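1. Fold the following.
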Amino acid sequence: MKLSIKIIIGLVLGIIVGLLLNIFSPDAFSVLDKYIFGPVGKLFLNLIKMLVVPIVFFSIALGAAGIGDPKKLGRIGGKTIGYFLVTTSIALVIALSLGTLIQPGAGGGFDTEQASFDGGEEAPPVVETLLNIIPTNPIDSMAKGDMLQIIAFAIFVGFAVAVLGEKTKTVHRILEEGNDILMYLVNIVMLLAPYGAFALIASAVGGFGLDALQAMGLYFGTVVLALLLHAVITYGTAVSTLGKMNPIAFFKGFAPAMSVAFSTSSSSGTLPVSMKTAQENLKVPKQVSSFVQPLGATINMDGTAIMQGVATVFIAQVYAIDLSMADLVTVVLTAVLASIGTAGVPGVGLIMLAMVLNQVGLPVEAIGLVLGVDRLLDMTRTAVNITGDASCAVIVARTEEKHGGSAPKVDA
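-> Residues are numbered from 1 along each chain as shown. Modelled structure (predicted):
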């Protein structure tokens, strides 16, 4: 049985077990979650997270060394960031349109008096984030897991290795062997993926409950519909027209990584798996995958942008506040810029939403209304986020073909 099938079976069984325990035996769920679901899920997450920082450094340094030419590096970087900005804007337009059409918050009956939200850590301004990309202490950045800084340092190292050529062939070989070791470890960790997915989903669904889903069903459904439309239409069209790849083959090939992202709710945590899947199943060259996907896992958040768009419209409807066209444009611009400004900040989705609500004059404490279902939505939008990164990698690889690169070839 293929690993992707095993992971999907684990997800389905986890949903069924979680729901049954929540409905019929909440006490048993508490015991199982404490001693089985929680520990198994955390073990799987920790194993993946253990590989994230080294795999980002080795893969990006190796990718930059393979690209070598500064013009090529700049060209790939420009295409990548441009694609991310365009798709995030499209995601927000889809979200705002569906929110306005379906009106998930117009029915009333929401307890706004009890809504509260602690913003916690605030996101730094975009300019400050851009300035902080260059690390003052790369080792400290690795210890803290500051992805943008790790990416910047790795690019410098890779570029130096490429320029120095024969002088650094030993370092280049170390980078190649280190990358091979980490990819082998990813294969080992993935053997536990079906069990980790089962435990994580059972824990999330069992603690979630049907009551919260029923109360927020229309909002939940609107976000999921927007995520589905964006994945199928935006990514499917982009992969087909720009990447010259069959969309069905793309989604089928990338399904294992999407399943892991759904269970872990972490783009960065899923990065080792998503890179391995893109390189092996979608045939994306390592040097492109190694550059595009780590950058995307840090700053590309289409799924998160969709949640923000629908949540903004939902909250405005609950409080009977009309959003003007200028407000809607502000939502799009703020959310797109916030996706860069909040890179690496914990709880990034809700912090970005707080920034958006502030810009259009909506109460930030209303985020408390959507917190109940955010855990499940977080899982879904993470799967969309990493799919966007993979679609970008496929398209960049295809467009680089005319510059002498190799393009991905995948059969349906």
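
2. From now on I want contacts and neighbour counts done on CA atoms only, so please keep to that.
-> OK.

3. Let me see the contact set for V161.
-> Remark: with contacts taken as C-alpha atoms under 8 Å, 6 or more residues apart in numbering, V161 is in contact with 65, 168-169, 171-172.

4. Please indicate which of those residues are buried?
-> Buried positions within these, assessed by neighbour count (16 or more other C-alpha atoms under 10 Å), are 65, 172.

5. In helices, which of the contacts of V161 fall?
-> Judged by DSSP state H, the contacts of V161 include 65, 169, 171-172 as members of helices.

6. now, among the residues you listed, which is nearest to V232?
-> Taking C-alpha to C-alpha as the measure, V232 lies nearest A65 of these, at 34.2 Å.

7. Can you pull the phi and psi angles for L369?
-> Dihedral pair for L369: phi -70, psi -30, per degrees, to the nearest 10.

8. do the same with P135
-> Dihedral angles (degrees, to the nearest 10) for P135: phi -80, psi 140.

9. what's around it, how many residues?
-> Burial measure for P135: 18 neighbouring residues, criterion other C-alpha atoms under 10 Å.

10. The one 4 residues further on now?
-> When counting by other C-alpha under 10 Å, one arrives at 12 neighbours for I139.

11. could you say what helices and strands the strand or helix carrying it packs with?
-> I139 belongs to helix 138-144 when elements are defined using DSSP states H and E. With contacts taken as 3 or more C-alpha pairs under 8 Å, 6 or more residues apart in numbering; DSSP states H and E, helix 138-144 sits against helix 147-164.

12. buried set for the helix it packs on?
-> In helix 147-164, the ones that count as buried by 16+ other C-alpha under 10 Å are 147-155, 157-162.

13. all strands in the stretch 251-400 of the chain, in order from the N-terminus.
-> Along the stretch 251-400 of the chain, counting by DSSP state E, counting those that start in this stretch, no stretch forms strands.

14. what are the ranges of the helices in it?
-> 267-280, 286-299, 302-318, 325-341, 348-359, 367-399 (DSSP state H, counting those that start in this stretch).

15. so for the second one, what's the average pLDDT?
-> The reference is to helix 286-299. On average, the pLDDT along helix 286-299 is 87.

16. Give the buried residues for that helix.
-> 286-299.

17. Quick one: residues in contact with stretch 6-14.
-> Against stretch 6-14 from outside (C-alpha under 8 Å, 6+ apart): 193-195, 197-202, 205, 256, 259-260, 263.

18. now do 6 Å
-> Applying C-alpha atoms under 6 Å, 6 or more residues apart in numbering, the contact partners of stretch 6-14 are 194, 197-198, 201-202.

19. Inside strands: which ones of those residues?
-> Among the contacts of stretch 6-14, DSSP state E puts none in strands.

20. which among these end up buried?
-> Of all the contacts of stretch 6-14 considered here, the ones buried according to neighbour count by 16+ other C-alpha under 10 Å are 194, 197-198, 201-202.

21. Low-confidence ranges, this structure, go.
-> Counting by pLDDT under 70, the ranges of the chain that qualify are 1, 68, 107-126, 129, 208-215, 340-348, 372, 403-412.

22. ok, back up a step: kindly reformat the contacts of V161 as JSON lines containing distance to L51.
-> Listed next are those as JSON lines, based on distance: C-alpha to C-alpha, whole Å:
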{"residue": "A65", "distance to L51": "21"}
{"residue": "T168", "distance to L51": "25"}
{"residue": "K169", "distance to L51": "25"}
{"residue": "V171", "distance to L51": "20"}
{"residue": "H172", "distance to L51": "20"}
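
23. Please identify which of the contacts of V161 is nearest to N246.
-> Sorting the contacts of V161 by how near they are to N246, with C-alpha to C-alpha, puts A65 at the top with 30.4 Å.
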